[in-house]
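1. Okay, predicted coordinates and the sequence, questions at the end:
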Amino acid sequence: MLAGGVLLADALALMGQGFFMLGVTLPGVLGLALCALALSWQRVQAWLSGRRWGRLIWRAGWLVLAAWVISVAVFWAWLAQQVRQFEGAANAAPLKAIVVLGSGTPRAQPSPALRARLDKARELAALHPQAWVVVSGGVDFGETLSEGQVMGNYLREQGMAPGRILQEERSTSTELNLQYSLPLMQAQGVGLDSALAVVTSDFHTVRAQRIARKMGFTQAIPVAAPTPLYIRYNAWLREYFAMASSWLLREV
């Protein structure tokens, strides 16, 4: 009941803020199931007591759940290790461009996760004053301004020179972020073989780098922005499924 209540409360709180990704809805469903199971525990045990096959299926189900939880924990540990390996790689490289991948822009403002990406990009831009800063993202559902426009506005408000910001405003995925940003960069002499930083949230760095390399960006360096704590584990859980899906579909 305690575990189910925590999972369900977390999911409901995030849904109330507009988050409906798999990393939120799945814990919510699991939490609801655990609460229902706790309330009917005695009846379930009575039903299982006289059914041998039922007990076997019951135990197998718990083993499958435990195996899945362990696999998520192993994935998170591996992902954290990969993120640590990327730290500092973009600081020393002579970057030609800094590409910031879009995220949520509720009410035409950067979400906390997107603000963290933009702040990380500002740090890099200060270290690499010659690098172009590319903000990339289309129009969110229910919004009127593109992510690229909102991101550009934020950077200009924070004092970044408007002339060094390139805005891509059509993309709806990581692949399209990079695909649609490429012509803007090429017009400024930045090509597939140029050194560039791809700024995204920590959980997304591995997949972003693999997508960039598959598209032909030979010197794409992933740069991790911290995911806000209130959504961190939900986002990392979503990435577990996104990475598995990308691997099965051979996207990365």
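-> That came through, no problem.
2. Please count neighbours and contacts with C-alpha atoms only from this point.
-> OK.
3. Spatially nearest residue to Arg213 (excluding sequence neighbours)?
-> Leaving aside its sequence neighbours, Arg213 sits nearest to Ala220 (C-alpha to C-alpha, 6 or more residues apart in numbering; 7.0 Å).
4. distance of the one you found from Ala97?
-> Applying C-alpha to C-alpha, to the nearest Å, one obtains 10 Å for the distance of Ala220 from Ala97.
5. More neighbours: these two, which one.
-> Ala97 (28 against 25; other C-alpha atoms under 10 Å).
6. thought that one was touching Asp193?
-> No: assessed by C-alpha atoms under 8 Å, Ala97 is found out of contact with Asp193, at 11.5 Å.
7. so what does the helix or strand where Val133 lies touch, helix or strand wise?
-> If you go by DSSP states H and E, Val133 is part of strand 132-136. Contact here means 3 or more C-alpha pairs under 8 Å, 6 or more residues apart in numbering; DSSP states H and E; on that basis strand 132-136 packs against strand 97-101, helix 147-157, strand 165-168, helix 174-186.
8. Tell me how far Gly18 lies from Thr25.
-> 11 Å.
9. ugh, wrong one, Leu166
-> Look at Leu166 and Thr25: by C-alpha to C-alpha, they are 35 Å apart.
10. what's the burial count for Gly5?
-> 17.
11. Look at it and report its pLDDT.
-> pLDDT for Gly5: 96.
12. wait, what's in contact with it?
-> 31-32, 35 (C-alpha atoms under 8 Å, 6 or more residues apart in numbering).
13. ok, now Tyr240?
-> 72, 75-76.
14. Least confident secondary structure element in the chain?
-> Across the helices and strands of the chain, mean confidence by mean pLDDT, DSSP states H and E is lowest for helix 89-92: a mean of 84.
15. buried residues in that one?
-> For helix 89-92, burial by neighbour count (16 or more other C-alpha atoms under 10 Å) applies to Ala90.
16. ok, now which ones touch the residue most central in space within the chain?
-> The centroid of the chain falls nearest to His204 when counting by C-alpha atoms, centre = their mean (4.5 Å). Applying C-alpha under 8 Å, 6+ apart to His204 gives the contacts 224, 239.
17. Dihedrals phi and psi, Trp247?
-> With angles defined as degrees, to the nearest 10, Trp247 sits at phi -70, psi -40.
18. Next, count neighbours for it.
-> By the criterion of other C-alpha under 10 Å, Trp247 has 12 neighbours.
19. before we move on, what about Leu48?
-> Neighbour tally, Leu48, other C-alpha under 10 Å: 16.
20. show me what contacts it?
-> Here Leu48 is in contact with 54-55 (criterion: C-alpha under 8 Å, 6+ apart).
21. Distance-wise, check Val74 relative to Ser194.
-> 34 Å.
22. And Trp78, by the same measure?
-> Distance from Trp78 to Ser194, by C-alpha to C-alpha: 28 Å.
23. Looking only at neighbour counts, state which of those two leads.
-> Neighbours were counted for Trp78 and for Ser194 using other C-alpha under 10 Å; Ser194 has more, 18 against 11.
24. Leu95 should be in a strand, yeah?
-> No: the assignment for Leu95 (DSSP: H, G, I helix; E, B strand; the rest coil) gives coil, which keeps it out of a strand.
25. pLDDT score for it?
-> Taking Leu95 on its own, its pLDDT is 95.
26. What's the local residue count around it?
-> 24.
27. was I right about it contacting Gly191?
-> No: in this structure, Leu95 is not within contact of Gly191 by C-alpha under 8 Å, at 11.8 Å.
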